[in-house]
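Chemist: coords below, sequence missing:
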């Protein structure tokens, strides 16, 4: 008996040493993070089961030349949009946070508003304006007798539309990181004789690397999973092929293509992980508590204003002008806004609930990844990105399968719809929160624990207040994404539950463009109001 007790004690001590060696987090971190990861994997399990139904035919189907061409199209568009989004977002973030750019808050809001435009609406509006015989051609024809403009369909149009819709992902992440960055680092570099431009490239940009990579990854995954823009602009990608298979040849073939999309996503995650590295990005003193000094643009003020104005004009003003034109046409034919107030409330309430639940789901994963790094925490974090890369219809049908077979009481219920939103948009929250937590010095948390605080009390009273800007940025991204999300809402929404996005889609699919304008405008206005509020809170708590 004594030998058994000694053996048990030795085994327990060995487990404790192993736990310490593996940097295991508290149970209130790993348990919810594990449940969230399992939930995110449900669509992957469904796709795997469907693919195995094909047997050997799956491989023969995937290696067709047409599918190889579609893979190339998807990769080209994904990397091009991600790179262009970084090129646009990083200077915009730096100008609106670190410089004396006139009307900085005005530009801060306007440059993020393209995020609220659904891709299928944006694609249609751009075709109306930039098409071969669109509004721009008619205007130029009156001045210079231009009879036709280059076509907007294909890669060029898809690249333009998706870049203008995707760069706010990078912008939100980089702005949050700039607000939290220690300004003393830049000031020290300038005191050593480095000019602002040299300081930016040698000091600021390397510190912003995790935020840039996180935002670029989200832009890439958004592009990879988009269906609206690529289908409307006739650019064949994996999502287009998946939707085609679901609608014609069967779900098993579509599942096989979706699994290829998952493998593509894993490749992107591995690239982002390798580029991210293991550097520390937190501040070492208290200087970050003081507002950063503004860099005087001087003669560069006007080019900076021109740059911001050009981006806002193309990505926001032109689509809204076309949308306003169609709204006026709708009013003239008797369309009323009153019938859409209930839809507006449905959209806002669902988006708000989804944002709160997603933040709660993302917090333990971000804490585990940053504060208790290991191979398992890295795996858990990257698992969350799978849902974001999949088409909404694949995620929705997977949850329908599991709800009907294993949880019928929640089928077509609001909890199941909220869960779908979490699966789809969790990485947007994880990326922003993780970036914010990276900039919190762990020595502050260690000091709190040394004073007798538990790990939970330390996170609640120390870490969360310091991460407030990242949490708000995460909530903003999730809220805006849910506001315009379509396939999951159509398939999983409770009976009779309609949102502004589903209403817009119904009208556009039936070619009632004037009727679609009013709910589209309400969708933009509702999302813009929430974004302004969240940006106000961000600047309030990060200065």
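Modeler: Arrived safely, thanks for sending. What you see is a predicted model, and the numbers here were worked out from it, not measured in a lab.

Chemist: Model confidence for residue 541, exactly?
Modeler: Looking at residue 541, its pLDDT is 44.

Chemist: Residue 412 too?
Modeler: pLDDT for residue 412: 82.

Chemist: and it, which of the three is it?
Modeler: Three-state call for residue 412 (DSSP: H, G, I helix; E, B strand; the rest coil): coil.

Chemist: what's the answer for residue 66, then?
Modeler: At residue 66 the chain is in helix, as set by three-state DSSP.

Chemist: Can you tell me how far it is from residue 73?
Modeler: Distance of residue 66 to residue 73, given as C-beta to C-beta, to the nearest Å: 11 Å. For glycine as for every other residue, the C-beta is placed from the backbone atoms N, C-alpha and C.

Chemist: Next up, phi/psi of the closest residue to residue 114 other than its chain neighbours, please.
Modeler: With sequence-adjacent residues excluded and distances taken as C-beta to C-beta, 6 or more residues apart in numbering, residue 114 is closest to residue 315, at 4.3 Å. Main-chain torsions, residue 315, degrees, to the nearest 10: phi -80, psi -20.

Chemist: from what I can see residue 315 touches residue 112, true?
Modeler: No: Residue 315 is beyond contact range of residue 112, at 10.0 Å (criterion: C-beta atoms under 8 Å).

Chemist: who's more crowded, these two?
Modeler: Legend: neighbour count by other C-beta atoms under 10 Å for residue 315 and residue 112, higher for residue 112 (28 against 25).

Chemist: now the one helix or strand residue 481 maps to: mean pLDDT?
Modeler: Secondary structure assigned from DSSP states H and E places residue 481 in helix 468-484. Average pLDDT, helix 468-484: 82.

Chemist: Residue 66 and residue 73: which is more packed in?
Modeler: Taking neighbours as other C-beta under 10 Å, residue 66 and residue 73 compare with residue 73 leading, 20 against 9.

Chemist: tell me which element the more buried one falls in.
Modeler: According to DSSP H and E, residue 73 maps onto helix 65-98.

Chemist: Tell me the helix or strand right after that helix.
Modeler: With elements assigned by DSSP H and E, the helix or strand that comes after helix 65-98 is helix 104-110.

Chemist: In that next one, which residues are buried?
Modeler: Residues of helix 104-110 classed as buried: 104, 107-110 (neighbour count, 16 or more other C-beta atoms under 10 Å).

Chemist: Any idea how far the following helix or strand past that helix is from the middle of the chain?
Modeler: Sequence-wise, the next helix or strand downstream of helix 104-110 (DSSP H and E) is helix 119-130. Relative to its parent chain, helix 119-130 has a centroid offset of 21 Å by C-alpha atoms, centre = their mean, to the nearest Å.

Chemist: Which neighbouring elements make contact with helix 119-130?
Modeler: In terms of contacts (3 or more C-beta pairs under 8 Å, 6 or more residues apart in numbering; DSSP states H and E), helix 119-130 is packed against helix 135-144, helix 155-180, helix 228-232, helix 318-332, helix 500-509, helix 513-542.

Chemist: which residues sit against that helix?
Modeler: In this structure, residues lying in contact with helix 119-130 by C-beta atoms under 8 Å, 6 or more residues apart in numbering are 114, 117, 134-136, 149, 152-153, 157, 160-162, 164-165, 226-229, 231-233, 318-319, 322-323, 486, 504-505, 508, 513, 516, 520.

Chemist: between the helix holding residue 481 and helix 119-130, how big is the angle?
Modeler: Counting by axes from the mean of the first three to the mean of the last three C-alpha atoms, to 10 degrees, helix 468-484 lies at 80 degrees to helix 119-130.

Chemist: Would you mind measuring from residue 449 to residue 166?
Modeler: According to C-beta to C-beta, residue 449 and residue 166 sit 40 Å apart.

Chemist: the more surrounded of these two?
Modeler: Legend: neighbour count by other C-beta under 10 Å for residue 449 and residue 166, higher for residue 166 (29 against 13).

Chemist: Verify the stated contact: that one with residue 219.
Modeler: Yes: contact criterion C-beta under 8 Å: residue 166 and residue 219 qualify, at 3.9 Å.

Chemist: mind listing what's buried in the helix or strand harbouring residue 380?
Modeler: Here residue 380, judged by DSSP H and E, is contained in helix 375-383. Residues of helix 375-383 classed as buried by neighbour count (16+ other C-beta under 10 Å): 376-377, 380-383.

Chemist: Run through the neighbouring helices and strands of the next helix or strand after it.
Modeler: Moving toward the C-terminus from helix 375-383, the next helix or strand (DSSP H and E) is helix 386-389. Applying 3+ C-beta pairs under 8 Å, 6+ apart, one finds that helix 386-389 contacts helix 27-52, helix 209-225, helix 251-276, helix 414-438.

Chemist: Pull the distance from the shortest one to the chain's centre.
Modeler: Chain-centre distance of helix 209-225: 7 Å, with C-alpha atoms, centre = their mean.

Chemist: now the angle from it to helix 155-180?
Modeler: Angle of helix 209-225 versus helix 155-180, following the same axes, to 10 degrees, is 150 degrees.

Chemist: now the first one
Modeler: Taking the same axes, to 10 degrees, one finds that helix 27-52 is oriented at 170 degrees with respect to helix 155-180.

Chemist: Could you give the average pLDDT over helix 27-52?
Modeler: The average pLDDT for helix 27-52 rounds to 83.

Chemist: centroid residue for the chain?
Modeler: Geometric centre of the chain, nearest residue: residue 428, 4.1 Å, by C-alpha atoms, centre = their mean.

Chemist: For the closest residue in space to that one that isn't next to it in sequence, give me its contacts.
Modeler: Spatially, and ignoring its direct neighbours in sequence, residue 428 is nearest to residue 477 (4.3 Å; C-beta to C-beta, 6+ apart). Residue 477 makes contacts with 115, 169, 172, 218, 425, 428-429, 432, as judged by C-beta under 8 Å, 6+ apart.
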